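Undergrad: Quick one, fold the following:
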Amino acid sequence: MNKTLGILVTSENHWDGVLQLTLAAERQACHVKILLSGKGVLLIKDPRFHTLLKRAAIALCPESYRAQGLKEDDYN
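TA: This is a model prediction of the structure:
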């Protein structure tokens, strides 16, 4: 059975929770999809962000990205 966990992140304050959920889902052979919206898009500035990129499909809300003052080159 294919399982998918969707995580909506609207705050930059819950990095550890997002990572722990992702790792737990990975241990259960569950695919993870993360949507960063609102201030959640600020997680891309965290140096640990690349850890999530290796483990989950990540989408960014473009309106939130611009609203938070991020530029295209902020996303590595």
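
Undergrad: Need the residue closest to the centroid of this protein.
TA: Residue closest to the average C-alpha location in the chain (C-alpha atoms, centre = their mean): residue 34, at 4.8 Å.

Undergrad: ok, that one - contacts?
TA: By C-beta atoms under 8 Å, 6 or more residues apart in numbering, the residues touching residue 34 are 6-9, 18, 22, 52, 56-59. Quick note: C-beta positions are derived from backbone N, CA and C, even for glycine.

Undergrad: what are the ranges of the helices in this structure?
TA: 15-27, 49-53, 62-67 (DSSP state H).

Undergrad: Mind putting those helices into JSON lines with mean neighbour count and distance to residue 74?
TA: Converted to JSON lines, the helices of the chain look like this (neighbours: other C-beta atoms under 10 Å; distance: least, C-beta to C-beta, whole Å):
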{"stretch": "helix 15-27", "mean neighbour count": "15", "distance to residue 74": "17"}
{"stretch": "helix 49-53", "mean neighbour count": "15", "distance to residue 74": "11"}
{"stretch": "helix 62-67", "mean neighbour count": "14", "distance to residue 74": "8"}
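
Undergrad: which one of those helices lies closest to residue 41?
TA: When the helices of the chain are compared by C-beta to C-beta, helix 62-67 sits nearest residue 41, at 4.8 Å.
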